[in-house]
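Peer 1: Quick one, structure for this:
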Amino acid sequence: MILHPRRLVFLLLCCLSGLGQADVAVIVHPDSGASLTPAQVASVYLGLDRSMTPVDLRQWGDTRTHFYHQLIRKNEAQLKSHWAALIFTGKGRPPQGVPDESAMLDRIATDPRAIGYVDRESVDDRVHVLFVVP
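Peer 2: Reported below is the predicted structural model:
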């Protein structure tokens with residue numbers, strides 16, 4: 001079977017598209033005592049569980065996209081729709097945003113009720129990793 005060059009390029013890009021994505025660590029303050037499951041973290045980030053304060057990256061970069069796609073199972077448009085409905089009905093507010101992973105680490109390290117996520121390689125000893133989203 002001979003593949004057309006465009007199809008070959010497409011197949012190669014599809015295969016390589018997942019290689020650049022790093023694991024995402026879900027993090028909390030070391031003294032929070034939290035031990036949430038992935039499903040519970042999803043509920044926190046969707047505004048259904050208010051036991052913790054979710055902190056979000058403002059920009060839709062690789063880390064945020066991976067977190068929401070793998071754990072929450074929503075893309076940017078679906079998430080905007082979800083929050084629009086909750087805001088309209090007065091049932092919730094989206095997570096507070098921070099500009100980057102450094103600010104995320106700072107926020108989580110200073111707030112025992114906060115929960116966040118960063119690229120696994122960015123984790124430092126100021127925070128505790130609940131689990132890693134592959």
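Peer 1: How many residues are close by residue 82?
Peer 2: Per other CB atoms under 10 Å, the neighbour tally for residue 82 reads 17. (Each C-beta comes from the backbone N, C-alpha and C, glycine too.)
Peer 1: hmm, who's touching the helix or strand harbouring it?
Peer 2: According to DSSP states H and E, residue 82 maps onto helix 76-89. When contacts are defined by CB atoms under 8 Å, 6 or more residues apart in numbering, helix 76-89 is touched by residues 46-47, 60, 65, 68, 72, 74, 92-94.
Peer 1: now the strands for this structure?
Peer 2: With DSSP state E, the ranges of strands along the chain come out as 24-28, 53-57, 96-98, 114-119, 128-133.
Peer 1: Do me a favour and average the pLDDT over the fourth one.
Peer 2: What it means is strand 114-119. Here strand 114-119 scores 98 as its mean pLDDT.
Peer 1: Parallel or antiparallel, which strands does it pair with?
Peer 2: Applying DSSP bridges, strand 114-119 is found paired with strand 24-28 (antiparallel), strand 53-57 (parallel).
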